[in-house]
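In: A predicted structure for the sequence below; I have some questions about it.
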Amino acid sequence: MPSLKDLKNRIGSVKNTRKITKAMQMVAAAKLRRAQDAAEAARPYADRMAAVMAGLTANSAGSDTAPRLLAGTGSDQKHLLVVLTSERGLAGGFNSAIVKLARQHAEDLRGHGKDVTILTVGKKGREQLKRDYGQLFVNHVDLSEVKRVGYENARSIADDVLDRFEAGDFDVATLFYNRFESVISQVPTARQIIPAEVPEGEDAAAASSSYDYEPGEEAILTELLPRSVATQIFAALLENAASEQGARMTAMDNATRNAGDMIDKLTTEYNRSRQAAITKELIEIISGAEAL
Amino acid sequence: MADTMQFDLVSPERRLVSVPVREVRLPGTDGDLTAMPGHVPTIVTLRPGIVSVLAEGGAQSDFAVTGGFAEINADSVSLLAERGHPREDITQEIFNEMMQDAHRKKKAAQDKAEQHSAGEDIVTGAVKLLADMEALGTHIGLDPRQATIPD
């Protein structure tokens, strides 16, 4: 049985932990707000881009002269997985969820005899994937110095990916990130960015045919496809940032509550031992007195 | 027909401007054009240049953009630019940054052409972009030669 002093120290240390997790939760809440605002502000551009792209791709998907970014290379042998994770831990299952999904994909693809390469963004994903897939890494993007993800970050990642595509390093690129559903729910998501996905349905084609294009449709498409890749990566980065803070907030809330429970339990134990000690002393005094 | 339309200038990060306007003059890749209410729905790509917006009262405001594209509808114009600044906010510093970007693109294009992984046309494109940027700078009274050219 631990001594009273030990118990007291233990309670003190758990109390300190609770203070830290509580503070982290509040910081995450503030950062979440900011991340959500940023994601909100980026929406008009992404929506417009998506709408225009939908029309254009629906029209030229079938044609022989469609750009390679849309039509693909004609093979799907080589896959690039772009795994977006965070730079910091203590965010619950945030990073593990993405890594797990990416791992699943990688295993699946390798099971089918495909070649897989991995580009990691964020330290945490890299650490987790290193042991099994270290030899498949082609690049790592470090965002630890970046306070707020900007479009520039997304564009440099996109440029890197596009260069590799042009060099023929891969045929299909898939983005892995956490989609922000709510503070308590983030959904790990895989999204194919190259070749561009063609939206289903007649609506998109109908929407685009009402437009005049200057210069021609395909010239515009060729110019917009790389931008669209950057926009999608940017959107994923923003979603990821919001998800990270949401996950951290929930994780820290749980940690704070657990610390509270633990303190209660330890305090009960402490009081019980103290009472036991007092009773024991009393018994000693009484039996001493009776012996006289 | 309404005599104004909605003008939105959006960058990837946020919406920069959203006002009702009478007309918008755009620097299209194939030549300048003016959009007024009732314009036929059009999507145009832009070269670097000045976008002039005539507000309801007739006040003109100019924005410098580094390319992008515009979606023109009968009652709205949405301009999607990677970088857009009100003309009066453009300092030599911001312009230098834009110039450096253009120089970098030209360099990258030349490298690619040298390795024969791309055709000459992307170099032509990048050189044109750079020239457009220079013209933009001269137009608003900034010196394009002040930008340090990255190696």
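Out: Good, I have the coordinates. Numbers count the residues shown, from 1 in each chain, chains lettered A, B, ... in the order given.
In: quick one: what helix or strand has the residue in the stretch 1-150 of chain A that chain B sits nearest to in it?
Out: Scanning the stretch 1-150 of chain A for the residue nearest chain B gives A:Ala41, at 3.9 Å (criterion: Cβ to the nearest Cβ). In short, each C-beta sits where N, CA and C put it, glycine included. Taking DSSP states H and E as the criterion, A:Ala41 maps to helix A:4-60.
In: off-centre distance for that helix?
Out: Relative to its parent chain, helix A:4-60 has a centroid offset of 10 Å by Cα atoms, centre = their mean, to the nearest Å.
In: quick check, the following helix or strand past that helix touching chain B?
Out: Following helix A:4-60 in sequence order, the next helix or strand is helix A:68-71 (DSSP H and E). No. Residues of helix A:68-71 contacting chain B under Cβ under 8 Å from any Cβ of the partner chain: none, with a closest distance of 11.9 Å.
In: what's the burial count for A:Ala251?
Out: A:Ala251 has 20 neighbours, counted by other Cβ atoms under 10 Å in any protein chain shown.
In: ranges for the helices of the stretch 51-200 of chain A?
Out: In the stretch 51-200 of chain A, helices defined by DSSP state H, counting those that start in this stretch lie at A:68-71, A:94-111, A:123-133, A:151-166, listed in chain order.
In: could you give the mean pLDDT of the shortest one?
Out: If I follow you right, that is helix A:68-71. If you average the pLDDT over helix A:68-71, you get 81.
In: now stretch A:216-226
Out: Here stretch A:216-226 scores 83 as its mean pLDDT.
In: buried ones in that stretch, by neighbour count?
Out: Residues of stretch A:216-226 classed as buried: A:Glu217, A:Glu218, A:Ile220, A:Leu221, A:Thr222, A:Glu223, A:Leu224, A:Leu225, A:Pro226 (neighbour count, 16 or more other Cβ atoms under 10 Å in any protein chain shown).
In: run the chain-centre distance for that stretch.
Out: That offset, for stretch A:216-226, works out to 31 Å (Cα atoms, centre = their mean).
In: check stretch B:9-25 too.
Out: Chain-centre distance of stretch B:9-25: 12 Å, with Cα atoms, centre = their mean.
In: how about stretch A:216-229?
Out: Here stretch A:216-229 is found 28 Å from its chain centre; the criterion is Cα atoms, centre = their mean.
In: CA atoms only for that stretch, dumped as PDB, please.
Out: Backbone C-alpha positions of stretch A:216-229 (Å, rounded to 0.1, in the frame of the first residue of the first chain) are rendered in PDB as follows:
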ATOM      1  CA  GLY A 216     -11.000  27.200 -76.600                       C
ATOM      2  CA  GLU A 217     -12.400  24.800 -74.200                       C
ATOM      3  CA  GLU A 218      -9.300  22.600 -74.200                       C
ATOM      4  CA  ALA A 219      -6.900  25.400 -73.900                       C
ATOM      5  CA  ILE A 220      -8.700  26.600 -70.800                       C
ATOM      6  CA  LEU A 221      -8.900  23.000 -69.400                       C
ATOM      7  CA  THR A 222      -5.100  22.600 -69.900                       C
ATOM      8  CA  GLU A 223      -4.500  25.800 -67.900                       C
ATOM      9  CA  LEU A 224      -7.100  25.000 -65.200                       C
ATOM     10  CA  LEU A 225      -6.200  21.400 -64.500                       C
ATOM     11  CA  PRO A 226      -3.000  22.200 -62.600                       C
ATOM     12  CA  ARG A 227      -4.700  24.900 -60.700                       C
ATOM     13  CA  SER A 228      -7.500  22.600 -59.800                       C
ATOM     14  CA  VAL A 229      -5.000  20.200 -58.400                       C
END
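In: for A:Thr117, see how far away the spatially closest residue to A:Leu84 that is not a sequence neighbour is.
Out: Counting by Cβ to Cβ, 6 or more residues apart in numbering or on different chains, A:Tyr177 is the residue found nearest to A:Leu84 once chain neighbours are left out, at 4.3 Å. Taking Cβ to Cβ, to the nearest Å as the measure, A:Tyr177 falls 18 Å from A:Thr117.
In: neighbour count for those two, which is higher?
Out: Shown here are A:Tyr177 and A:Thr117; by other Cβ under 10 Å, A:Tyr177 has more neighbours (29 against 20).
In: per-residue pLDDT of the more buried one, please?
Out: A:Tyr177 is given a pLDDT of 94.
In: redo the helices of the stretch 51-200 of chain A as JSON lines? Include mean neighbour count.
Out: JSON lines is the format used below for the helices of the stretch 51-200 of chain A (neighbours: other Cβ atoms under 10 Å in any protein chain shown):
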{"stretch": "helix A:68-71", "mean neighbour count": "20"}
{"stretch": "helix A:94-111", "mean neighbour count": "18"}
{"stretch": "helix A:123-133", "mean neighbour count": "18"}
{"stretch": "helix A:151-166", "mean neighbour count": "19"}
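In: got TSV for these, with distance to A:Thr21 too?
Out: Shown next, in TSV, are those (distance: least, Cβ to Cβ, whole Å):
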stretch	distance to A:Thr21
helix A:68-71	45
helix A:94-111	16
helix A:123-133	19
helix A:151-166	29
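In: average pLDDT across stretch A:74-86?
Out: Mean pLDDT, computed over stretch A:74-86, is 90.
In: gap between the two ends of it?
Out: 34 Å (Cα to Cα, to the nearest Å).
In: cool, stretch B:104-123 as well?
Out: Using Cα to Cα, one end of stretch B:104-123 lies 12 Å from the other.
In: again, but for stretch A:106-126
Out: Terminal residues of stretch A:106-126 are spaced 14 Å apart (Cα to Cα).
In: contact partners of that stretch?
Out: Stretch A:106-126 is contacted from outside by A:76-89, A:95, A:98-99, A:102, A:129, A:133, A:136-144, A:157, A:160-161, A:169-170, A:237, using Cβ atoms under 8 Å, 6 or more residues apart in numbering or on different chains.
In: quick check: nearest residue in space to A:Gly161, chain neighbours excluded?
Out: Check again: residue A:161 is Val, not Gly. A:Val161's closest residue in space is A:Ala173 (Cβ to Cβ, 6+ apart), at 5.9 Å.
In: and if you look at A:Thr73?
Out: Closest to A:Thr73 by Cβ to Cβ, 6+ apart is A:Asp171, at 4.7 Å.
In: how much space between that neighbour and A:Lys114?
Out: Going from A:Asp171 to A:Lys114 by Cβ to Cβ gives 9 Å.
In: buried residues, stretch B:87-102. List them.
Out: Within stretch B:87-102, the residues that count as buried by 16+ other Cβ under 10 Å are B:Ile90, B:Phe95, B:Asn96, B:Met98, B:Met99, B:Asp101, B:Ala102.
In: is it correct that B:Ser61 is in contact with B:Ile50?
Out: No. The criterion here is Cβ atoms under 8 Å, and B:Ser61 misses it with B:Ile50 at 10.5 Å.
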